[in-house]
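Asks: Pasted the sequence and its predicted model underneath.
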Amino acid sequence: MDPIKKNDSGAAVEDVQHRLVKAGYLAEDQVTGTFGAETENAVLSLCRDCGIEPRAEVDNAVWTKLVDASFELGDRNLFLRVPFFHGADVRTLQEALSALGFSCGIADGIFGVHTEDALRRFQLNMGLPTDGIAGAFTFRALLHLQHSWKGKDSFSPVPRLGFARAAQVLESNLICLFGTSEFTRSVAARMSNLALATTPASKVTSADSLLVAPDESMYFVQILVGNEKPASTVPTVDFVDEESLPDRVGQALMATEGHQRRIAVRLPEEGWEDAGADRLSITPLFCSMRFAPVWLLRSSDSVGFRLLY
């Protein structure tokens, strides 16, 4: 889109102003259809609150944040999909569910698997269809209970990586995921696809779709399941405890210094060991709901893995 900036006027500016009003950055009587000082200040405030570089115009990045901020609960149906729904309405849903005792983790405005799980439990408790879709019946029930959740604290947040941070991680680390069996190759490919769905600028890829020659800046992560052996003698991390996983992967990567950056991550077999010969058919559920995707997370003092929901 062409940037909308100061002194512009017309329907596009009025649309921006109405969205700024809805998001709480502009007063109703400041909707004039002309991009003046009040609109400029409102856009700058939006940028600061959303963690993007302040700018006195509405470009693609600002427009995306503005659309997210202007959604109110009930404006649209919400459900689990890739790419994930995100916006102020999702955050309100998360806050409501968590305050009512159906924890969905940190209210980051991203409709992920924890949010869907919390929503299904709420629907079951309210006698609603447990379809995991926040639609008219769910919105009506939440509206009826708003005195019990509005402005209240949430319960037992589940640690997870927020959407903005996840996108930054995916865009800044060259990671090649690979497996040596048909199943683990499929898992690696689906992890890569989900990373790409999260952010188009993702640098996570699977070996089967690697388009550039590997270099020393690339991390290689072999996916193992059950008793599979790594392709070579490399540090291997078992996926058994999410809380300690970043530290353990960080230690494994430190052990590769001076060598090729290659480690292996072993996923547990629980959940699909009885699937038989057709176990590949459950790979989407395996990847998106329980263990995947697992990404490298670079911080000031360590490199580790986190779950991205």
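Replies: Received the coordinates, thanks.
Asks: Chain neighbours aside, what residue packs nearest to residue 45?
Replies: Closest residue to residue 45 apart from its sequence neighbours, by CB to CB, 6 or more residues apart in numbering: residue 25 at 5.5 Å. Where you see a C-beta, it was placed from the backbone N, CA and C, and this is true even at glycine.
Asks: can you give me the strands in this structure?
Replies: Listed in chain order, the strands of the chain (DSSP state E) span 4-5, 57-58, 175-178, 204-206, 219-225, 236-238, 262-267, 294-298, 303-307.
Asks: any chance of those in a markdown table, plus mean pLDDT, mean neighbour count and distance to residue 195?
Replies: As requested, the strands of the chain are arranged in a markdown table below (pLDDT from 0 to 100; neighbours: other CB atoms under 10 Å; distance: least, CB to CB, whole Å):
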| stretch | mean pLDDT | mean neighbour count | distance to residue 195 |
| --- | --- | --- | --- |
| strand 4-5 | 92 | 18 | 32 |
| strand 57-58 | 92 | 22 | 28 |
| strand 175-178 | 86 | 24 | 8 |
| strand 204-206 | 84 | 24 | 4 |
| strand 219-225 | 86 | 22 | 12 |
| strand 236-238 | 81 | 16 | 19 |
| strand 262-267 | 84 | 22 | 15 |
| strand 294-298 | 36 | 21 | 7 |
| strand 303-307 | 34 | 21 | 13 |
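Asks: Could you dump those into CSV with distance to residue 249 added?
Replies: CSV is the format used below for these (distance: least, CB to CB, whole Å):
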stretch, distance to residue 249
strand 4-5, 44
strand 57-58, 40
strand 175-178, 12
strand 204-206, 15
strand 219-225, 9
strand 236-238, 5
strand 262-267, 7
strand 294-298, 8
strand 303-307, 4
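Asks: looking at those strands, which is closest to residue 129?
Replies: Residue 129 lies closest to strand 303-307 among the strands of the chain, at 28.5 Å (CB to CB).
Asks: Out of the strands of the chain, flag the one nearest residue 105.
Replies: So among the strands of the chain, strand 303-307 is nearest, using CB to CB, at 10.6 Å.
Asks: Run through the residues that contact residue 224.
Replies: 179, 184, 230, 236, 264-267 (CB atoms under 8 Å, 6 or more residues apart in numbering).
Asks: what do you get for residue 126?
Replies: Listed by CB under 8 Å, 6+ apart, the contact set of residue 126 reads residue 141.
Asks: Residue 5: which of the contacts of residue 224 is nearest?
Replies: Distances from residue 5 to the contacts of residue 224, taken by CB to CB, are shortest for residue 265, at 47.1 Å.
Asks: beta partners of the closest one?
Replies: Note on residue 265: beta-bridge partners residue 223, residue 237, judged by DSSP bridges.
Asks: if we can go back for a sec, phi first, then psi, for the residue nearest to residue 45.
Replies: phi -100, psi -10 (degrees, to the nearest 10).
Asks: Determine the number of other residues adjacent to it.
Replies: Residue 25 has 22 neighbours, counted by other CB atoms under 10 Å.
Asks: And it, how close does it get to residue 43?
Replies: 8 Å (CB to CB, to the nearest Å).
Asks: biggest helix in the protein by residues?
Replies: helix 182-198 (DSSP state H).
Asks: other SSEs contacting that one?
Replies: Secondary-structure packing of helix 182-198 (3 or more CB pairs under 8 Å, 6 or more residues apart in numbering; DSSP states H and E): helix 163-172, strand 175-178, strand 204-206, strand 219-225, helix 283-285.
Asks: Could you rerun that using 10 Å?
Replies: helix 163-172, strand 175-178, strand 204-206, strand 219-225, helix 283-285, strand 294-298 (3 or more CB pairs under 10 Å, 6 or more residues apart in numbering; DSSP states H and E).
Asks: Which residue ranges of the stretch 1-150 of the chain form helices?
Replies: Ranges of helices in the stretch 1-150 of the chain, per DSSP state H, counting those that start in this stretch, are 11-22, 37-50, 60-70, 88-99, 113-126, 136-144, 146-149.
Asks: If I look at the closest residue to residue 137 other than its chain neighbours, what pLDDT would I see?
Replies: Spatial nearest neighbour of residue 137, chain neighbours left out: residue 128 (5.2 Å); criterion: CB to CB, 6+ apart. pLDDT recorded at residue 128 is 88.
Asks: CA-only coordinates of stretch 180-191 in CSV, if you can.
Replies: Below are the C-alpha coordinates for stretch 180-191, written out as CSV (Å, rounded to 0.1, in the frame of the first residue of the first chain):
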residue,chain,number,x,y,z
THR,A,180,16.9,-39.7,8.1
SER,A,181,13.6,-41.7,8.1
GLU,A,182,10.5,-41.0,6.1
PHE,A,183,8.6,-40.0,9.3
THR,A,184,11.2,-37.6,10.7
ARG,A,185,11.7,-36.0,7.3
SER,A,186,8.0,-35.4,7.3
VAL,A,187,8.2,-33.9,10.8
ALA,A,188,11.1,-31.6,9.7
ALA,A,189,9.2,-30.5,6.6
ARG,A,190,6.0,-29.7,8.6
MET,A,191,8.1,-27.7,11.2
